[in-house]
Every structure is written in C-alpha cells, then in structure tokens.
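Visitor: mind folding the following:
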Amino acid sequence: MPGKVVLITGAASGIGLAAAAGFARLGASLRVLGRSDRKGVYRHYDGGLHAVSLRCTHLGCFVRFNPDERSWDCPCHGSRFDVDGAVLEGPATRPLRRREP
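Guide: Numbers count the residues shown, from 1 in each chain. This next block holds a predicted model:
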C-alpha cells in the first residue's frame, strides 16, 4: 500500500530535509519547495531516505512522485526516475541530481 505524499512550503521549507522526512511515514514521499531549489525525498518501507532534486534533467520541468510505481515522474514529456534518481524511461538520459537527506 503506497504512503501519502506530503508537501511542505513557506516557512516550514527552511527545515532540513531529514527533519522534514520525519513527518512522512514509511513508503511516503515529501516535496520541500525552497526559494531557489526543490527537493524530493522518499522514505522507503525499511526507513531509508532517498533524496533527489525535483528538476527533470530533460527540459527542467518539476517531477512529481508516483506512489503506485514508487517513481518520480515528469508531467511534461513522460520521463520517469527511480527513488534514487536513475532514469527508468526517457526522453531524459541523465539521472536526477542526488541530494543529501
């Protein structure tokens, strides 16, 4: 069963990604929208954190988490990435940038 997607914006976006991930239950994703950067973190069912930049490497759109497939999907041209940012489907050819959880 996929977890819920949590979105943190505004003043709360200044908190650290690992601290923010504490708000998400296992199997959930979290998007932290800062002033100049957007980060996503997925908390695996084993408790591990997987953090990536949300900017697609194809043309720069922002990816969204797909809880059913446990992937970061780009709504612009259909690129898909695994929880660590590796390309699952193109047109993107480069992985999402890994971030510190």
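Visitor: how about the contacts made by Cys61?
Guide: 55, 74-77 (Cβ atoms under 8 Å, 6 or more residues apart in numbering). C-beta: built from backbone N, CA, C; applies to glycine.
Visitor: could you pull out the strands for this structure?
Guide: Applying DSSP state E to the chain gives strands spanning 5-8, 29-33, 38-43, 49-53, 64-66, 71-73, 80-81, 87-89.
Visitor: same list, the contacts of Cys61, but as CSV with neighbour count and pLDDT please.
Guide: CSV is the format used below for those (neighbours: other Cβ atoms under 10 Å; pLDDT from 0 to 100):
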residue, neighbour count, pLDDT
Arg55, 18, 92
Cys74, 24, 95
Pro75, 11, 93
Cys76, 13, 94
His77, 12, 93
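Visitor: which of those lies closest to Ala92?
Guide: Cys74 (7.1 Å; Cβ to Cβ).
Visitor: could you report the pLDDT at the closest residue to that closest one other than its chain neighbours?
Guide: Nearest non-adjacent residue to Cys74, counting by Cβ to Cβ, 6 or more residues apart in numbering: Cys56, 4.2 Å away. pLDDT for Cys56: 95.
Visitor: among the strands of the chain, which is nearest Leu96?
Guide: strand 49-53 (4.2 Å).
Visitor: now for that closest one, which elements pack on it?
Guide: helix 17-21, strand 38-43 (3 or more Cβ pairs under 8 Å, 6 or more residues apart in numbering; DSSP states H and E).
Visitor: which of these comes out lowest on mean pLDDT?
Guide: Across the helices and strands packed on strand 49-53, helix 17-21 gives the lowest mean pLDDT, at a mean of 50.
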